[in-house]
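Colleague: show me the folded form of this:
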Amino acid sequence: TIDREKRDVFPKTDLMGGYIGDGVPLCADLPAKMHLRKGATYLVLGSNSKLEQQWEDPSWEGDITVPRLELDSISSPLHDKLCAPNADGTCTYPGKVVLDENL
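Modeller: Have a look, this model is predicted:
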């Protein structure tokens, strides 16, 4: 069943009478760590980690125990890719990063 609180707020219909994304595998059904494989794409969607167009449990508001993504700038190869440092080592954080290798 569909939980109306967690569904897409703005579902998009396709040209065949269904919805975009129908038939796409769930993240839970994908191989482990797909987000670290060659071809994974990261887009900057803003400077705030709080979800705006997706459902988020209201009880999480201000709860510091709710996990948020934080990458270790010293040991994370993903951080290195997303940072994309310039010649002096300052992160440039490009709007789109496509992994060119498995991490």
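
Colleague: sketch out the low-pLDDT regions of the protein for me.
Modeller: Regions of the chain meeting the criterion pLDDT under 70 cover residues 1-2, 6, 47-54.

Colleague: any idea where the strands of it begin and end?
Modeller: With DSSP state E applied, the chain shows strands at 41-43, 96-98, listed in chain order.

Colleague: show me how far the first one is from its chain's centre.
Modeller: In this view, strand 41-43 has its centroid 7 Å away from the chain centroid, taken as Cα atoms, centre = their mean, to the nearest Å.

Colleague: other SSEs contacting that strand?
Modeller: With contacts taken as 3 or more Cβ pairs under 8 Å, 6 or more residues apart in numbering; DSSP states H and E, strand 41-43 sits against strand 96-98. Glycine gets a C-beta too; all of them are placed from N, C-alpha and C.

Colleague: again, only using 10 Å
Modeller: Strand 41-43 makes packing contacts with helix 77-83, strand 96-98 when contacts are defined by 3 or more Cβ pairs under 10 Å, 6 or more residues apart in numbering; DSSP states H and E.

Colleague: would you list the strands of the chain in JSON lines and tack on mean neighbour count and distance to residue 83?
Modeller: Below are those laid out as JSON lines (neighbours: other Cβ atoms under 10 Å; distance: least, Cβ to Cβ, whole Å):
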{"stretch": "strand 41-43", "mean neighbour count": "11", "distance to residue 83": "11"}
{"stretch": "strand 96-98", "mean neighbour count": "12", "distance to residue 83": "9"}
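
Colleague: geometric centre of this structure: which residue is closest?
Modeller: For the chain, the residue lying nearest the average C-alpha position, counting by Cα atoms, centre = their mean, turns out to be residue 42 (6.8 Å).
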